[in-house]
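S.K.: can't give you the sequence, but here's the structure:
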């Protein structure tokens, strides 16, 4: 894989991810905030920042010479790992939109279906995978880390709010769900039931 090919692949994957997002209208980067936050300026600004960092910057790097001054030595093996991470990110993003989030089971516990069985925030997990893929595919000290910084900002600002809203909505059931399920990294062990 060449540097130009890696940049083109990332740009195509960014457009594909944007298409997946558009094809799944109920899925939003910050979906769990619900209708109350439609006018939330912070939410909108973060969404714009995420699109700029994770879609526009890779497109600019692939199509324009603006970021060439910041290129580092291109390593083919690193780009292939980035391609795998980017593919996983798109799959997870699609799956998060397809699967149902946590819902009350007949026994009264909160259960997640699909990827929500393993992750409370699969969209943010997909964003993390995407940020790593962008870093590895672009291999540019300026355009590469921009997605990681944006992911960190979005994660730190939005996830605590989403967790608080879910706690207010579901109470102890959500606490149990949190114990069973990882946030953006799946739990390797399950808590013991006493």
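M.R.: Cool, got the structure. Quick caveat: nothing in here was measured; it's all calculated off a predicted structure.
S.K.: Leaving out chain neighbours, which residue sits closest to residue 167?
M.R.: Excluding its sequence neighbours, the residue lying closest to residue 167 (Cβ to Cβ, 6 or more residues apart in numbering) is residue 174, at 5.2 Å. The C-beta positions use only the backbone N, C-alpha and C, and glycine is treated the same way.
S.K.: which element is that neighbour on?
M.R.: In the assignment (DSSP states H and E), residue 174 maps to helix 172-180.
S.K.: Show me the shaky parts of the protein.
M.R.: 20-39, 104, 190-194 (pLDDT under 70).
S.K.: Now with 80, please.
M.R.: Within the chain, the ranges that satisfy pLDDT under 80 run 1, 4, 7-8, 12, 14-43, 100-112, 188-194.
S.K.: where exactly do the helices run in it?
M.R.: With helices called from DSSP state H, the chain shows them at 3-23, 41-51, 57-63, 76-98, 122-138, 146-170, 172-180.
S.K.: List the buried residues of the fourth one.
M.R.: So that's helix 76-98. 78-79, 82-83, 85-86, 88-90, 92-97 (16 or more other Cβ atoms under 10 Å).
S.K.: which one of the residues you listed is nearest residue 180?
M.R.: For the buried residues of helix 76-98, the minimum distance to residue 180 (Cβ to Cβ) is 17.9 Å, reached by residue 96.
S.K.: Show the contacting residues for the closest one.
M.R.: Counting by Cβ atoms under 8 Å, 6 or more residues apart in numbering, residue 96 makes contact with 27, 115, 116, 122, 123, 126.
S.K.: Can you pull up the most central residue in this structure?
M.R.: residue 127 (2.1 Å; Cα atoms, centre = their mean).
S.K.: which residue sits closest to that residue, ignoring its sequence neighbours?
M.R.: Residue nearest to residue 127 in three dimensions, not counting chain neighbours: residue 151, with 4.8 Å by Cβ to Cβ, 6+ apart.
S.K.: my guess is that neighbour meets residue 126, correct?
M.R.: No. Applying Cβ atoms under 8 Å, one finds residue 151 not in contact with residue 126, separated by 9.9 Å.
S.K.: Tell me, how many residues neighbour the residue lying closest to residue 8 once chain neighbours are set aside?
M.R.: Nearest residue to residue 8, sequence neighbours excluded (Cβ to Cβ, 6+ apart): residue 62, at 5.3 Å. Neighbour count for residue 62, taken as other Cβ atoms under 10 Å: 21.
S.K.: try the one 3 residues further on
M.R.: Neighbourhood size, residue 65 [other Cβ under 10 Å]: 8.
S.K.: Same check on residue 170?
M.R.: When neighbours are defined as other Cβ under 10 Å, residue 170 has 16 of them.
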